[in-house]
Structure formats: C-alpha cells, structure tokens
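> Next comes the sequence, and after it the predicted model I'd like to discuss.
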Amino acid sequence: MMNIAVIGAGVAGLTCARQLSNAGLNPVVFDKGRGIGGRVATRRSGDLRFDHGAPYAQAFRANFRNMLHGLVNDGYAAKWIDGKEQEKIVGTPDMSSLPKGLATGLDVRLSTPITSVASNSGKGWRLRTAEKDFMAHHIVITIPAPQVAGILGEKHPLAKQIMNVKMSPVLTLMIAVNGKIPTASVPKQDDPLVSIIQNCGKPNRPQNDGSAWVAHAGLAFSLEHLEKDLQDITKQMLPLMCHRLNVTAGRITHAVAHRWRYGRVSKPLEQPFLRSSNGTMYLGGDWCVGPNVEDAWFSGSAIATDLMSQIL
C-alpha cells in the first residue's frame with residue numbers, strides 16, 4: 001500500500017507532491033492525460049510551439065515568487081517583462097517546462113485515469129482504474145471541481161461541499177502567420193478575444209516561433225460556441241484574430257482551436273482545500289482559490305503543509 005496518492009498532475013497536484021517529497025515522503029501522482037501540467041500546457045505542431053493554456057505565471061506571494069525564481073535558476077523558466085512593465089514568469093523553452101520542473105524526481109503515472117475512489121474497510125483508500133486497483137493511506141484529489149463527483153459519487157460529503165464552485169470554458173485559437181511579424185491591436189471592451197499573445201515575445205523561445213500566436217476567447221463567446229466541433233470553432237475565431245493582427249487569411253499557414261472545458265475559475269470555493277473528517281482525503285486545486293497559476297500552487301502547498309502536520 002502506498003502512503004500518499006495524488007490524483008491530478010496539474011500545478012496543485014505537483015506542488016503538493018513536490019513538497020511532500022522534499023520532506024522525505026513518497027507520494028505517487030496519477031493523471032489520466034499523456035502529459036503533466038493541466039492548463040499550464042504547450043501544444044506542438046512541427047517546429048511550432050503554442051502556449052495554449054496559461055500564458056504565464058505571476059507571483060503575489062513571497063513563497064510562490066521564491067519557487068518560481070528557483071525554477072528560473074534551474075533553467076526551467078525565465079523572467080518576462082510585459083508591455084505593462086510587470087514581471088511575469090514563463091517556462092522555457094515553453095510553458096510546459098514549469099510543471100516539468102515541479103515534477104522532477106517524482107513518481108508520476110500518466111495515462112492512468114482513476115475511475116473511482118472508495119474507503120478500503122477503514123484501512124485507507126482504494127483507487128480503481130480500468131486495469132487494476134491501487135491502495136493508499138492518504139489521498140489528495142486535485143482534478144477540476146466538476147469532475148470530483150465522477151470518482152467520489154454525488155452523495156459523498158466532500159462532493160456536496162463543492163456543488164457551488166463554478167468553472168467556465170475557454171476557447172483557444174493557435175495560428176501561424178507567414179511573412180512580416182504583425183502586432184496585435186488592443187482589445188475593445190466587448191471584444192470576443194480577451195487575450196492575444198505572440199510566443200516569440202517571451203524570452204528564450206525558438207526563432208521559428210516568431211509566427212506563432214495564441215488567442216483566448218472571453219466567457220460569452222466560449223459559452224456560445226463551446227459544443228461546436230473544433231473546425232467550426234477555428235472558423236469562428238480566425239477572422240476575429242486576423243482582424244486584431246491586421247493580416248489577411250492568406251497569410252495564415254496554421255490554425256487550430258482547442259477547447260478548455262474547465263479553463264476558467266469563475267466562482268471559487270474561497271478556502272485553500274477541503275479535508276475529510278478523518279484527515280485522510282483532501283480536495284484542492286485552483287478552483288479553491290482563484291483563476292491563476294499561483295492559486296493552484298497555493299492550494300497544493302496548503303494541502304501538503306496540513307498533511308505533513310498529521311503524519312510527520
């Protein structure tokens with residue numbers, strides 16, 4: 001039986017596991033996906049890279065700032081001063097490097113979806129997958145709030161406590177532009193695209209990323225087009241992006257949309273985590289605190305601190 005199982009290899013889960021590991025514990029991290037990081041992600045297409053999830057991390061807490069600067073010192077990240085002269089941190093050579101830095105040395109088991117979690121006759125927890133079961137004394141669940149009931153059941157006491165948490169979708173468009181590098185115009189108040197970022201504007205990016213751009217749609221647009229197929233979403237977003245970049249459609253050499261069904265925390269829990277009455281199960285994630293990378297880190301860190309106070 002493993003001591004601690006962490007479900008979810010996003011920033012919250014990896015942060016928790018990292019701190020537990022640093023304290024001499026041996027957490028095992030499970031994730032249904034093929035890669036780590038959750039929404040701190042990068043999509044590759046040939047020689048192009050698109051930071052199509054969280055475009056950067058920004059620190060408001062000293063401990064988070066110190067952690068990010070540690071990743072900078074280790075070569076996983078770099079400082080980026082944006083047009084507003086505010087320091088942000090980006091992964092290098094892409095955003096997926098941030099979670100890779102957090103995961104260094106951890107036991108992370110990808111492509112392993114946990115289908116259910118149940119008490120093991122009062123002796124820890126049974127984690128069920130399609131192929132086998134895993135046993136753990138303690139369990140930390142850091143998946144998006146709307147997915148928690150799927151593995152715990154809607155009647156579970158912790159699942160009931162997060163029923164009012166709201167997560168909203170974000171539609172993303174990734175394009176490559178041929179020729180002279182354009183400049184994105186400032187969005188108007190009612191612009192469907194709330195963010196457009198050029199990948200090569202960030203430090204330590206490959207030179208061929210000069211033509212790579214990523215746009216994120218606002219809530220109203222994302223809700224309206226959420227259930228369309230990705231080709232239709234691309235057709236809807238591409239003219240909007242061409243307009244903002246002042247380029248013709250003929251200059252676009254690559255255009256692909258991505259659907260983040262739980263891409264934005266719109267109503268957080270407003271506390272860093274939840275814990276079962278016996279202290280052996282935790283729920284956490286950015287949805288506990290807010291929409292930023294730092295919020296996910298804060299939740300994962302708080303869980304690790306509380307858990308270590310029990311078992312060390």
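Everything's here; your move.
> from here on, contacts and neighbour counts on C-alpha atoms
Fine.
> Which secondary structure elements does the biggest strand by length in the chain sit against?
Secondary structure assigned by DSSP state E gives strand 252-267 as the longest strand of the chain. If you count contacts as 3 or more C-alpha pairs under 8 Å, 6 or more residues apart in numbering; DSSP states H and E, strand 252-267 packs onto strand 166-177, helix 230-245.
> Out of those, which is the most enclosed?
Across the helices and strands packed on strand 252-267, the average number of neighbours (mean count of other C-alpha atoms under 10 Å) peaks for strand 166-177, which reaches a mean of 22.
> in its sheet, what does it sit against?
strand 212-217 (antiparallel), strand 252-267 (antiparallel) (DSSP bridges).
> Show me what secondary structure element comes after the shortest one.
Where DSSP states H and E defines the elements, the next helix or strand beyond strand 212-217 is helix 219-225.
> Need the residues that contact that following helix.
168-171, 192, 233 (C-alpha atoms under 8 Å, 6 or more residues apart in numbering).
> repeat for stretch 301-312
Contacts with stretch 301-312, where a contact means C-alpha under 8 Å, 6+ apart, come from 12, 15-17, 19-20, 272-273, 279, 282, 284.
> got a winner among these for most neighbours?
Using other C-alpha atoms under 10 Å as the neighbour criterion, residue 12 leads the contacts of stretch 301-312 with 33 neighbours.
> who are the neighbours in contact with it?
142, 284-286, 296-301.
> Give me the residue at the spatial middle of this protein.
Centroid-nearest residue in the chain: residue 39, 2.5 Å away (criterion: C-alpha atoms, centre = their mean).
> To what extent is residue 104 buried, counted in neighbours?
Neighbours of residue 104 (other C-alpha under 10 Å): 11.
> how much space between it and residue 68?
Residue 104 sits 14 Å away from residue 68, going by C-alpha to C-alpha, to the nearest Å.
> ditto for residue 221
Taking C-alpha to C-alpha, one finds residue 221 at 33 Å from residue 68.
> Which of the two has more residues huddled nearby?
residue 68 (27 against 18).
> Is it correct that the more buried one falls within a helix?
Yes: using DSSP: H, G, I helix; E, B strand; the rest coil, the assignment for residue 68 is a helix.
> right, and it touches residue 91 too?
No: using C-alpha atoms under 8 Å, residue 68 is not in contact with residue 91; the gap is 9.7 Å.
> so what sits against both of these two?
By C-alpha under 8 Å, 6+ apart, residue 68 and residue 91 have these common neighbours: residue 77.
> sorry, back to before: most tightly packed of the strands paired with strand 166-177?
By mean count of other C-alpha under 10 Å, these have strand 212-217 as the most buried, with a mean of 24.
> Leaving out the residues flanking it, which one is nearest to residue 271?
residue 288 (5.7 Å; C-alpha to C-alpha, 6 or more residues apart in numbering).
> next one: phi and psi at the one you found?
Here is the backbone geometry of residue 288 (degrees, to the nearest 10): phi -70, psi -30.
> same question, residue 45
phi -140, psi 100.
> If it is in a bridge, with which residues?
Beta-bridge partners, per DSSP bridges, of residue 45: residue 48.
> Find me the pLDDT at it, would you?
pLDDT recorded at residue 45 is 90.
> Would you mind measuring from it to residue 268?
Note on residue 45: its distance to residue 268, by C-alpha to C-alpha, is 34 Å.
> Just want to know which of the two has more residues nearby.
residue 268 (20 against 9).
> Contact partners for that one?
So residue 268 contacts 165-166, 286-290 (C-alpha under 8 Å, 6+ apart).
> Please compute how far stretch 151-170 lies from its chain's middle.
18 Å (C-alpha atoms, centre = their mean, to the nearest Å).
> Now the terminal residues of that stretch, how far apart.
Note: stretch 151-170 ends 24 Å apart using C-alpha to C-alpha.
> can you list contacts of it?
114-118, 145-146, 148-149, 216-219, 222-223, 226, 259-269, 274-276, 283, 287.
> before we move on, what about stretch 136-146?
Residues contacting stretch 136-146 (C-alpha under 8 Å, 6+ apart): 1-10, 12-13, 123-127, 148, 162, 165-167, 262, 280-285, 287.
> Now with 6 Å, please.
Stretch 136-146 is touched from outside by 1-8, 13, 124-125, 280-285, with contacts defined as C-alpha atoms under 6 Å, 6 or more residues apart in numbering.
> end to end, how far does it reach?
23 Å.
> tell me the mean pLDDT over it?
On average, stretch 136-146 scores 97.
> what do you get for stretch 156-170?
On average, stretch 156-170 scores 97.
> Which strand or helix spans residue 95?
Counting by DSSP H and E, residue 95 is part of no helix or strand.
> any weak-confidence spans in the chain?
83-85, 207-210 (pLDDT under 70).
> Would you map the helices across it?
Using DSSP state H, the helices of the chain run over 11-22, 62-73, 97-103, 145-152, 157-161, 219-225, 230-245, 293-311.
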